[in-house]
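K.L.:
Attaching a predicted model along with its sequence, questions to come.
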Amino acid sequence: MFPLIFAVAFTAAPLTLYIPPIRSLNLFVEMTEFFLRDAVCCAVRICPRIFRAVSRLLSLPVPVPVPPTRCTILPCVM
């Protein structure tokens, strides 16, 4: 059992190299917050404009096709 614990410990040790230090994570979190804050600012300005444009397009009258009628003036040839 003791060799198994050592084997697991020494195989997990190189994995700690892939975990960045906390100071690097702080910069990443700060940049992510900055990006999201900027994106929300733009979205708040753009979303009402998009909503208004779509509602204007949907409120346009849609032409309804008139069904063809039978000839009443000229004799119909069938």
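P.N.:
That came through fine. Residues are numbered from 1 along each chain as shown.
K.L.:
so which helix or strand takes in Phe10?
P.N.:
Using DSSP states H and E, Phe10 falls within helix 2-12.
K.L.:
And the next helix or strand past that helix?
P.N.:
helix 22-59.
K.L.:
That following helix - contacts with which helices or strands?
P.N.:
Using 3 or more CB pairs under 8 Å, 6 or more residues apart in numbering; DSSP states H and E, no helix or strand is in contact with helix 22-59. C-betas here are computed from N, CA, C, even on glycine.
K.L.:
and the helix holding Phe10, how far from the chain's centre?
P.N.:
44 Å (CA atoms, centre = their mean, to the nearest Å).
K.L.:
and what of stretch 41-57?
P.N.:
On the basis of CA atoms, centre = their mean, stretch 41-57 sits 16 Å off its chain's mean C-alpha point.
K.L.:
Please spell out which residues along it are buried.
P.N.:
The neighbour-count check on stretch 41-57 (16 or more other CB atoms under 10 Å) flags nothing as buried.
K.L.:
picking that back up, quick one: average confidence on the helix holding Phe10?
P.N.:
Mean pLDDT, helix 2-12: 75.
K.L.:
likewise stretch 47-61?
P.N.:
For stretch 47-61, the mean confidence score works out to 84.
K.L.:
oh, and call the first residue 16 from now on, that's how I've got it
P.N.:
Right, with 16 as the first residue, what we last looked at is stretch 62-76.
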